[in-house]
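# please find the sequence and the predicted model below.
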Amino acid sequence: MKKWLPGIIVVVFAAWLLGSLRMPREEGFAYNQFGQLPLVFDGRTQPFDSLARNSLLQLREKQTANLEPWKSWYQSPKIIPATEWLLAVMMNPGVADTWPVFRIDNPDLKGLLGLAGQPDLAKQQDGKHFSWGEIQPKLEDLRRETIRAQAVEDSHKSPYDQAVVRLWSGQLLYHRLENTLGPAAGGQFAADLTPYLKKVGAGYAANDAMKGDQKYDGDALDWLSEQFQTPLIVPPSAGVNAQWMHSVEGSMEPGNMTGTPDFSLVAFSDMTRAYRANDAAAFNQAVAGYQFNLAQRGFTRELKKGRNEQYFNFLDPFYKAMVIDVCAFLFVLAYWFRPGQWDWLRVTAVGLVGLALVVHTEGLLFRMFLEGRPPVTNLYSSAIFIGWGATILGLVLERFWRNSIGVMVSCIIGFLTLIIALHLRLGGDTMEMMRAVLDTNFWLATHVVVVTLGYASTFVAGVLGIIYVVIGVFTPNLTKPMAPESGRKTGASAAERGELGKSLNRMIYGILCFATLFSFVGTVLGGIWADQSWGRFWGWDPKENGALIIVLWNALVLHARWGGLVRERGLANMAIVGNIVTSWSWFGVNMLGIGLHSYGFTAAAFRWLSFFIASQLFLVLLGSLPKSMWRSFSQTKPGVGPAPVGKGMKPVPAHP
């Protein structure tokens, strides 16, 4: 039975994945069909589905809207998809303003806004999620605090300041969404257009008066400014320089002024009228009609991209891969209770990690197809790619050393990098428009991919070092023979192949050689790219220095090993230090606020980076303890060689 268990378990997980490939059929309003409609926001074409999901992630850190957050999961709270929430915000804001979609955790900010700090079931409040209607009365106080907090340097902002700025950005985004449809938001386009254009005219008059240093209507100017910060939903007309437009621009087209409105605004107005009347048939007909008109006008490519991106959002492959990695990790932990006797658990973990790798790879390829870019374009995609590369390296190690160490590395790094990517999504769109200097597919496919593989392999070596230290200090297993099925002929002696510590040492060394090669080649390719982009091969930019430090550190570790300056424990400790070097080059230099590769300081990222570095330093200190304090080394007597090996006996390794 144990022989078949790994295959059965992997098939069950595969069946779960296959069952999640089909989007559920909708009854009533065609929310999914509406979510496929294209628009332009954050500099790129995307469907309404992506706009809705990314907006909710920024507001409440979830891709769904829980309208009853005070209820526990077993009480079946009302949870709606992101697109349904966005429709209400754009087409029926009076209702949407009562939904608790703003997550506020800072107690001082709650006090400023007069919000409940603790759950109150009688008032239907969970103490964390609040509606716009609850925030709006204290908007001026929030504005005042935001002006003060924004004047503080990012690195010196308190948690309260960060919460204030984040909430202000969230409410700005919320109002942009509310203003998206412009004159079509009332559902009566013909009647609403004239008063809307009057407000537009008043806003332009105020703008002209301000430029002429004359008295102007500040409210009218602010209103007009808000109309130009909304997503672009009006498709371009024929013309060389035609671009997507805001609804306010579409309403001012010459045809609109003479009573012939733009077809997109009329379609959105029809959708709004049907939505407010709760007429699903009329709403679905308006959506289908708008899709047909877009196709007739040559927007089939945008429609296809909208469908594909919505399906990618629905699949959420990286989250599924993370779930499988966690399950595989649990199987490995169970295997370690009886290594060699419960080998079916290790085989199951390998199968699950292989399945997670398939899902991970499909997600990478799908994302590359949507972006039209190589796999690494920003910090989010670099986390995804590092996890992918580390998973492959871990499985390669497991192929040669069947001792569960390789699959454990795959689980740990795969899970951690996907968690990092999950939190990076909270900052907004992960497929944002690229900077002009980075807009080169050739170098993205060479320099960025190669140097990121260098990051991944250095992290793999570091995790192997952590495993060496933890097993050596807390267990007696480092110097014990491995199970018979754990060793494979790799050119090592029988003693080296049978002892876990020596196997780990060989793994670290091999991965470091790989890491040195890729980090060096990637850095050189980066210099060539810099020469073509900025006219110099090297400029001592912080990111360039970080990449060089990785190369130098890996080379230093290899030289220390070749020169006999370090042995097994020293190599493991130096590999752990490599985690610090790589994390700083990957994340740290991007938060310095200087250089051509800076993405700005992020307090949350800096806090977690500091915690990670502190944890690695602690592990290095742990690995530097005297051998007498290591359980693995205290179990043997120094100077005692391996006992003679007779028939049916296992070799006993000498003390290292």
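Alright, I've got the coordinates.
# can you report how many residues lie near Pro159?
Residues within reach of Pro159, counting by other Cβ atoms under 10 Å, total 15. Any C-beta I mention is one placed from the backbone N, CA and C, and that applies to glycine too.
# pull up the distance across stretch 180-194, start to finish.
Stretch 180-194 has its terminal residues 18 Å apart, counting by Cα to Cα, to the nearest Å.
# how far does it sit from its chain's centre?
Stretch 180-194 sits 37 Å away from the centroid of its parent chain (Cα atoms, centre = their mean, to the nearest Å).
# now that stretch: buried residues?
For stretch 180-194, a neighbour-count test (16 or more other Cβ atoms under 10 Å) marks Thr180, Leu181, Gly182, Pro183, Ala184, Ala185, Gly186, Gly187, Phe189, Asp192, Leu193 as buried.
# can you list contacts of it?
90-91, 93, 178-179, 196-197, 227, 230-231, 233, 246-248, 250-251, 256, 261, 265-266, 268-270, 272-276 (Cβ atoms under 8 Å, 6 or more residues apart in numbering).
# try stretch 505-520
393, 397, 401, 405-406, 450-451, 453-455, 457-458, 460-461, 464-465, 468, 490, 492, 496, 547, 550-551, 554-555, 557-558, 561, 568, 571-572, 575, 578.
# before we move on, what about stretch 155-169?
58, 102, 104-106, 108-109, 112, 135, 142-143, 145-146, 149-150, 152, 601, 603-604, 606.
# now that stretch, how far from the centre of its chain.
21 Å.
# repeat that for stretch 142-152.
So, by Cα atoms, centre = their mean, the centroid of stretch 142-152 is 28 Å from its chain's centroid.
# please apply the same query to stretch 323-331.
For stretch 323-331, the distance to the chain centre is 19 Å (Cα atoms, centre = their mean).
# buried sites along that stretch?
Val323, Ile324, Asp325, Cys327, Ala328, Phe329, Phe331.
# export those residues to JSON lines and tack on secondary structure?
Converted to JSON lines, the buried residues of stretch 323-331 look like this (DSSP: H, G, I helix; E, B strand; the rest coil):
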{"residue": "Val323", "secondary structure": "helix"}
{"residue": "Ile324", "secondary structure": "helix"}
{"residue": "Asp325", "secondary structure": "helix"}
{"residue": "Cys327", "secondary structure": "helix"}
{"residue": "Ala328", "secondary structure": "helix"}
{"residue": "Phe329", "secondary structure": "helix"}
{"residue": "Phe331", "secondary structure": "helix"}
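# any idea which of these is the one closest to Ile386?
If you rank the buried residues of stretch 323-331 by distance to Ile386 using Cβ to Cβ, Asp325 comes first, at 13.6 Å.
# residue contacts, the closest one?
Leu352, Val353, Ala356, Ser410, Cys411, Gly414, Phe415, Leu418.
# what segments of the chain are strands?
In the chain, the strands defined using DSSP state E lie at 38-41, 44-47, 64-66, 79-81, 102-103, 129-130.
# tell me the strands beside the third one, with direction?
Meaning strand 64-66. Counting by DSSP bridges, the strands paired with strand 64-66 are strand 79-81 (antiparallel).
# name the member of the contacts of Asp325 with the most neighbours.
Ser410 (33 neighbours).
# hmm, that one is touching Leu395, no?
Yes: using Cβ atoms under 8 Å, Ser410 is in contact with Leu395, at 5.8 Å.
# what do the two both touch?
Contacts common to Ser410 and Leu395, judged by Cβ under 8 Å, 6+ apart, are Val353, Leu357.
# give me the buried subset of the contacts of stretch 155-169.
58, 102, 104, 106, 109, 112, 135, 142, 145-146, 149, 601, 603.
# including distance to Lys128 and pLDDT, could those residues go into JSON lines?
Output for the buried ones among the contacts of stretch 155-169, formatted as JSON lines (distance: Cβ to Cβ, whole Å; pLDDT from 0 to 100):
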{"residue": "Gln58", "distance to Lys128": "16", "pLDDT": "95"}
{"residue": "Phe102", "distance to Lys128": "10", "pLDDT": "97"}
{"residue": "Ile104", "distance to Lys128": "7", "pLDDT": "96"}
{"residue": "Asn106", "distance to Lys128": "11", "pLDDT": "94"}
{"residue": "Leu109", "distance to Lys128": "12", "pLDDT": "96"}
{"residue": "Leu112", "distance to Lys128": "16", "pLDDT": "95"}
{"residue": "Ile135", "distance to Lys128": "13", "pLDDT": "96"}
{"residue": "Leu142", "distance to Lys128": "17", "pLDDT": "96"}
{"residue": "Glu145", "distance to Lys128": "20", "pLDDT": "96"}
{"residue": "Thr146", "distance to Lys128": "21", "pLDDT": "96"}
{"residue": "Ala149", "distance to Lys128": "21", "pLDDT": "94"}
{"residue": "Phe601", "distance to Lys128": "26", "pLDDT": "49"}
{"residue": "Ala603", "distance to Lys128": "20", "pLDDT": "63"}
